[in-house]
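Colleague: just a sequence and a predicted model for now, questions to come.
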Amino acid sequence: MAKQPSKAASAAKKPAPRGRKPAAPSDDPDFILHSLQDEFEANKRYKASPEEMIAFYRQMLLIRRFEEKAGQLYGLGLIGGFCHLYIGQEAVAIGLQSALDNDKDSVITGYRDHGHMLAYGIDPKLIMAELTGRQAGISKGKGGSMHMFSTEHKFYGGHGIVGAQVALGGGLALAHQYNNDGGLCLAYFGDGAANQGQVYETFNMAALWNLPIVFVVEDNQYAMGTATKRSSAETRFYRRGTAFRIPGMEVNGMDVLEVRAAAEVAFAHVRAGKGPVLMECNTYRYRGHSMSDPAKYRTREEVQEQREHHDPIEGLKKTLIESGKTEDELKSIDKAIRAQVAEAADFAETSPEPEAGELTTDVLVEEY
């Protein structure tokens with residue numbers, strides 16, 4: 001027997017009577033695509049304790065200062081290959097990953113990955129050593145900027161193939177489900193990866209199998225150098241899961257307290273066994289796509305406007321000062337973090353490079 005038209009489709013043939021809501025966009029009247037957005041909008045900023053706000057401030061500042069130092073080392077020739085900095089996007093990683101359970105949940109991302117590793121509490125020394133190709137690096141100096149990895153911390157990369165991490169994230173979510181370990185996978189990708197076919201194949205399977213995964217689009221508006229409005233027919237990426245019955249959320253990715261509030265809603269949905277969520281975090285990278293990108297596709301005035309009026313660290317700093325913190329207290333935090341980053345850079349520069357024999361290790365998995 002052929003599938004019958006849905007109730008929504010039938011209802012669409014004629015307008016709903018005055019005063020009555022239109023039919024739901026699904027056969028299931030309880031399935032409402034905007035339900036999570038409504039819940040989020042009702043309580044849009046996370047009510048952080050003073051200790052949590054200081055922790056968020058410190059973590060975002062660590063990412064900012066670390067990335068600034070990485071940019072300097074790249075300029076000095078101490079970091080080879082590509083290097084994609086996370087400056088400007090710090091609130092996304094900290095807002096989301098501060099809500100994860102580090103013992104159970106997994107994270108996977110693309111090649112703009114330094115900030116996500118730092119957000120998961122991984123030692124800056126090990127990350128900087130990896131960037132500079134040293135034996136002490138978290139991937140023994142063989143992953144570099146784009147391919148860092150730590151199974152110990154349930155951080156599964158760092159992937160250079162655009163969008164590939166989304167499909168792998170689906171696999172991680174399937175492993176969480178299969179092992180019944182209570183964990184979820186947080187899978188990041190950018191607006192540039194949002195048009196990849198494998199992303200939608202993963203959406204379909206994740207929804208079909210009810211996988212515990214949160215897909216996060218970090219929309220920094222320019223992909224590798226093309227504005228989203230020139231490359232994407234649908235620029236509201238949180239709507240992209242609609243065809244797969246995946247609820248979407250749109251979030252200001254420049255406000256760490258808003259991102260954290262969204263994380264609370266999304267993660268609770270997934271942990272309750274209700275399947276995947278698609279979250280769009282609207283953010284902005286201050287630097288080019290990579291260190292080799294002069295970013296001539298946008299104006300200096302545009303970047304300056306973002307820095308002056310939407311910076312995630314300055315925004316939280318203002319909130320902290322309004323809550324009673326002093327400029328001197330916050331300056332002391334910055335000073336301590338600068339010292340920590342300088343120590344990480346010194347550690348990396350003085351660490352030995354891998355020996356030649358390392359070229360043949362970790363190439364194949366010999367035991368399962």
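Modeller: That came through fine.
Colleague: list the buried ones in stretch 212-224?
Modeller: Neighbour-count burial for stretch 212-224, with 16 or more other CB atoms under 10 Å as criterion, is recorded at 212-223. Heads up, the C-betas are built off the backbone N, CA and C, glycines and all.
Colleague: how about those in a markdown table, adding distance to residue 267, pLDDT and secondary structure?
Modeller: Compiled in a markdown table, the buried residues of stretch 212-224 are given as follows (distance: CB to CB, whole Å; pLDDT from 0 to 100; DSSP: H, G, I helix; E, B strand; the rest coil):
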| residue | distance to residue 267 | pLDDT | secondary structure |
| --- | --- | --- | --- |
| 212 | 9 | 98 | coil |
| 213 | 11 | 98 | strand |
| 214 | 7 | 98 | strand |
| 215 | 13 | 98 | strand |
| 216 | 11 | 98 | strand |
| 217 | 17 | 98 | strand |
| 218 | 17 | 97 | strand |
| 219 | 20 | 96 | strand |
| 220 | 23 | 94 | coil |
| 221 | 26 | 92 | coil |
| 222 | 28 | 93 | coil |
| 223 | 27 | 91 | coil |
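Colleague: now name the helix or strand holding residue 72.
Modeller: Using DSSP states H and E, residue 72 sits within helix 50-75.
Colleague: tell me which residues of that helix come out buried.
Modeller: So helix 50-75, judged by 16+ other CB under 10 Å, has buried residues 53-54, 56-67, 69-71, 73-74.
Colleague: all helices of the stretch 1-150 of the chain, in order?
Modeller: Assigned by DSSP state H, counting those that start in this stretch, the helices in the stretch 1-150 of the chain fall at 7-11, 35-42, 50-75, 90-97, 114-119, 124-131.
Colleague: so which of those helices is nearest residue 312?
Modeller: For these, the distance to residue 312 is smallest for helix 90-97, at 3.6 Å, taking CB to CB.
Colleague: can you show me the CA trace of the closest one as CSV?
Modeller: Extracted C-alpha coordinates of helix 90-97, given in CSV (Å, rounded to 0.1, in the frame of the first residue of the first chain):
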residue,chain,number,x,y,z
GLU,A,90,36.6,31.0,22.2
ALA,A,91,33.1,31.2,23.7
VAL,A,92,31.9,28.3,21.5
ALA,A,93,34.4,25.7,22.8
ILE,A,94,34.3,26.8,26.4
GLY,A,95,30.5,27.3,26.6
LEU,A,96,29.9,23.8,25.2
GLN,A,97,32.7,21.8,26.6
